[in-house]
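# this one's sequence-less:
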């Protein structure tokens, strides 16, 4: 109860919209995180790297350093990954007739 009487539903309507927005942002962030983790795993495996290790690094960095940790791991991965997936190099080697 406030100093000026009880709050009307109209006065508290913005609070509900605020929480709905916060929940939507959290859900969207989790969906993006899962999509990045799935892509990171698949790309690392295609390039002959340990995909599980990279996903674990992504998760740990995100837990300890929030959003910035995940971005840092992603940039490190993009720098360290090979030029082409292993399958693409093997297919090119087979086409060359060696």
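Yes, it's here. Since the model is a prediction, treat every value here as computed from it, not as a measurement. Numbering: from 1, shown residues only.
# number of nearby residues for residue 41?
Neighbour count for residue 41, taken as other CB atoms under 10 Å: 18. All C-beta atoms are positioned from the backbone trio N, CA, C, and that covers glycine.
# I meant to write residue 42 there.
12.
# That one: what's it in contact with?
residue 51 (CB atoms under 8 Å, 6 or more residues apart in numbering).
# Okay, and it sits in which element?
helix 9-46 (DSSP states H and E).
# Tell me what angle the very next helix or strand once past that helix forms with helix 9-46.
Counting by DSSP H and E, the element after helix 9-46 in chain order, helix or strand, is helix 51-80. Helix 51-80 runs at 90 degrees relative to helix 9-46, counting by axes from the mean of the first three to the mean of the last three CA atoms, to 10 degrees.
# list the helices and strands helix 51-80 packs on?
helix 9-46 (3 or more CB pairs under 8 Å, 6 or more residues apart in numbering; DSSP states H and E).
# for the record, mean pLDDT for the helix it packs on?
Mean pLDDT, helix 9-46: 88.
# Can you give me the buried ones in that helix?
36-37, 40-41, 43-44, 46 (16 or more other CB atoms under 10 Å).
# neighbours of residue 71, just the number please.
15.
# Report how many residues lie close to residue 56.
When counting by other CB under 10 Å, one arrives at 13 neighbours for residue 56.
# pLDDT wise, what is it at?
Predicted confidence (pLDDT) for residue 56: 97.
# which residues sit against stretch 16-26?
Contacts for stretch 16-26 (CB under 8 Å, 6+ apart): none.
# whoops, I mixed them up, stretch 59-66
With CB under 8 Å, 6+ apart, stretch 59-66 has contacts from 33, 37, 69-70, 72-73.
# can we see that at 6 Å?
Stretch 59-66 is contacted by residues 69-70, 73 when judged by CB atoms under 6 Å, 6 or more residues apart in numbering.
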